[in-house]
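Trainee: here is the input, now give the coordinates:
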Amino acid sequence: MSQVLISVCVLTCNQSAYIEACLQSILAQATDVSLEVLVGDDASDDETSQIVSGFVQKYPAMIKHFRHEVRLGASRNYQAILAHVSGEYVAHLDGDDYWLPGKLKKQVEFLEAHSECSAVYCNARTVSEDGAAIGLFNDVGNAQFSLSDMLSRGNFLNTSSMVFRASLCDAIIQIEDAFIDFRIHLRHARRGVLAHMADAMVGYRVNASGSMMANSNALVRQLYWEAILDGIGAGVSDELASRALADFTRRVFFRSLRFGQWSLMREWMPRIRERVPYSGGRFFLLVMASIVRTVIRELYGRASSLIGEGRPAVLYRR
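Mentor: Below you'll find the model as predicted:
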């Protein structure tokens, strides 16, 4: 195999129903770019490991199978395979998602033409567990985002679309505790601009079995909080820190409203207030502005879907 341009990191655990389609979609990219596939198999106890081993037998020069005998968790699994990358760029794909043809070629060409960008993402088609079409992951379009943008508005990027420069691996490997994708995005944003491509070149399974978002919402919220603290600990202004915390407060508020779990607000408000640099009144205005902006954005999006025939549903609106 020629010198590797892209190291593709696949995280999987008990995803026997999806892993074959995932790996096939990666192999389809190999006609465009030179790549290696590093599969982090987190002690799967279904047929996942056997399926991956079968691919290794067919493509031994391209696919490496790192099966952990003891379950590490998603964060440690990711860090373990990042330590083995040899490409100039790193692409991420969850084992229950898949790529569409031409994705890597377009993203690598973008990074090579834009040295100011640390990472590039793209939109995704949202699908059900059985692959039925639902809509789009976000409504971002072609855009670029700074650390300030990400902290102010929160996460709207699809991680299975992410391609970043291999020089950024150490910043992820050095994280000592568990983390979610938003923390990775924020660390990338410290080192350069984040670019987003409008083309939907990923198939993203919404709330697939085993999804942290579906099964461990409280843990995701805690890790999201830790991502924000990590982000605002990088010497950001009091204004930006307050906006980031206001966005988090807005998310807790809507979760409480949706499920009638007002204990969440009582649990989180003291923790949030401890971190906010601004006075209570000023912070309250930031929170209200974030809530109103979200309501307007959602109403506009739903109205557009009703008025415009065939407009896809959007999972995350920025």
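Trainee: poorly predicted segments of the chain, please.
Mentor: Low-confidence segments of the chain, defined by pLDDT under 70, span residues 1-2, 209-215, 234, 304-310.
Trainee: any idea how it splits into domains?
Mentor: With domains defined by automatic domain parsing, the chain comprises 6-213, 237-316.
Trainee: may I have the beta-bridge partners of the closest residue in space to Ala74 that isn't next to it in sequence?
Mentor: Spatially, and ignoring its direct neighbours in sequence, Ala74 is nearest to Leu11 (6.1 Å; C-beta to C-beta, 6 or more residues apart in numbering). Heads up, the C-betas are built off the backbone N, CA and C, glycines and all. Beta-bridge pairing for Leu11 (DSSP bridges): Gly40, Asp94.
Trainee: could I get the contacting residues of Leu11?
Mentor: By C-beta atoms under 8 Å, 6 or more residues apart in numbering, Leu11 lies in contact with 40, 42, 74, 77-78, 81, 92-95.
Trainee: select the longest helix from the chain.
Mentor: Under DSSP state H, the helix in the chain containing the largest number of residues is helix 280-307.
Trainee: give the buried residues for that one.
Mentor: Residues of helix 280-307 classed as buried under the neighbour-count rule (16 or more other C-beta atoms under 10 Å) are 283, 286-287, 290-291, 294.
Trainee: scan the contacts of Leu11 and report the most crowded one.
Mentor: Note: the member of the contacts of Leu11 with the most neighbours is Gly95, at 29 neighbours, neighbours being other C-beta atoms under 10 Å.
Trainee: for that residue, grab phi and psi.
Mentor: Its backbone dihedrals place Gly95 at phi -70, psi -10, with angles given as degrees, to the nearest 10.
Trainee: how close does the nearest residue to it once chain neighbours are set aside sit to Val202?
Mentor: Nearest non-adjacent residue to Gly95, counting by C-beta to C-beta, 6+ apart: Thr12, 3.0 Å away. Plainly put, Thr12 is 16 Å away from Val202 if you go by C-beta to C-beta, to the nearest Å.
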